[in-house]
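Enquirer: coords below, sequence missing:
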Ligand code: SF4
């Protein structure tokens, strides 16, 4: 179990404009707003990731069972894509966040508010990437493969309620995170998920399940 706050939050303006205007030049006004929004947003980013390894002790047609050292087993009702964990012997349960300050701060006009929100999403992606790097390093050391990162609420068919099972493995309050009984995690720019590793996976990097995500249609960050 670990809590880390040492994730670099350096984001270049070109990174943001490329994400906002994929494959086309960004309008000059938007470039200026990106620069302004980045200057005000970066001091407000307060990244944290908390993670813990669990054993994957069973995977059925619609569910998986995970168990952290010293804890009782937890049953995850993953639904039709439970086989995404079939190759796993272990999984890294993670909660990542950029803290509350960005969402709480006053911003300028609506365009700047939108850009700052996008910067927050990108920053959260960087914390998630740091958690993925931890997973990939552990898999490499065991000569295992790595599965995709999956999350209750976004993976199609996996209900939000299982965030309670995953969050229950983690010292969320020590990391400044709070999980409501309904499964909503605060600060709002936070995410909970898990990544399997094991000899049953072929890849060496954390995969994407955007094609199975219920937010796919409206998501500007989707990868496939
Ligand atoms: S479609 Fe968007 S929200 Fe869904 S997994 Fe991909 S990046 Fe995440």
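Expert: Received, thanks. All of these numbers come straight from a predicted model, not from anything done at the bench. Numbering: from 1, shown residues only.

Enquirer: Next one: the residue of the chain positioned farthest from its centre relative to the ligand, how far apart?
Expert: Within the chain, residue 28 marks the point farthest from the mean C-alpha position, 31.3 Å out by C-alpha atoms, centre = their mean. Relative to the ligand, residue 28 is positioned 28 Å away (C-beta to the nearest ligand atom, to the nearest Å). For the C-beta atoms, the positions are set from N, CA and C on the backbone; glycine is no exception.

Enquirer: again, but for residue 14
Expert: In terms of C-beta to the nearest ligand atom, residue 14 sits 20 Å off from the ligand.

Enquirer: Show me which residues of the protein are close to the ligand?
Expert: Residues of the chain lying close to the ligand (C-beta under 6 Å from any ligand atom) are 154, 209, 210, 213, 215, 216, 219, 221, 222, 223.

Enquirer: could you flag which of those are buried?
Expert: Buried by 16 or more other C-beta atoms under 10 Å: 154, 209, 213, out of the residues of the chain next to the ligand.

Enquirer: just for this structure, where's the confidence low?
Expert: Applying pLDDT under 70 to the chain flags the ranges 224.

Enquirer: Now with 90, please.
Expert: For the chain, applying pLDDT under 90 flags the ranges 1, 22, 105-109, 181-183, 208, 215, 217-224.

Enquirer: Tell me which other helices or strands the helix or strand harbouring residue 130 touches.
Expert: Element membership of residue 130 [criterion: DSSP states H and E] is helix 110-142. If contacts are counted by 3 or more C-beta pairs under 8 Å, 6 or more residues apart in numbering; DSSP states H and E, helix 110-142 sits against helix 13-20, helix 28-41, strand 48-59, strand 90-97, helix 101-104, strand 145-150, strand 190-198.

Enquirer: Any chance of those in TSV with distance to residue 134 as columns?
Expert: Shown next, in TSV, are the helices and strands packed on helix 110-142 (distance: least, C-beta to C-beta, whole Å):
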stretch	distance to residue 134
helix 13-20	22
helix 28-41	25
strand 48-59	6
strand 90-97	6
helix 101-104	24
strand 145-150	11
strand 190-198	9
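
Enquirer: and of the ones you listed, who's closest to residue 122?
Expert: helix 13-20 (6.4 Å; C-beta to C-beta).

Enquirer: Tell me the one of the buried ones among the residues of the chain next to the ligand nearest the ligand?
Expert: Nearest to the ligand among these is residue 213, at 3.0 Å by C-beta to the nearest ligand atom.

Enquirer: Check the gap between the nearest residue to that closest one once chain neighbours are set aside and residue 176 for me.
Expert: Leaving aside its chain neighbours, residue 213 sits nearest to residue 154 (5.1 Å; criterion: C-beta to C-beta, 6 or more residues apart in numbering). For residue 154, the distance to residue 176 equals 22 Å [C-beta to C-beta, to the nearest Å].

Enquirer: residues near residue 25, how many?
Expert: 9 (other C-beta atoms under 10 Å).

Enquirer: if we can go back for a sec, distance check, the residue farthest from the centre of the chain against residue 106.
Expert: In terms of C-beta to C-beta, residue 28 sits 25 Å off from residue 106.

Enquirer: that older thread, out of the buried ones among the residues of the chain next to the ligand, which are inside helices?
Expert: Nothing among these maps onto helices, per DSSP state H.

Enquirer: Provide the secondary structure category for residue 211.
Expert: Following DSSP: H, G, I helix; E, B strand; the rest coil, residue 211 is assigned to helix.

Enquirer: What is the neighbour count of it?
Expert: Neighbours of residue 211 (other C-beta under 10 Å): 10.
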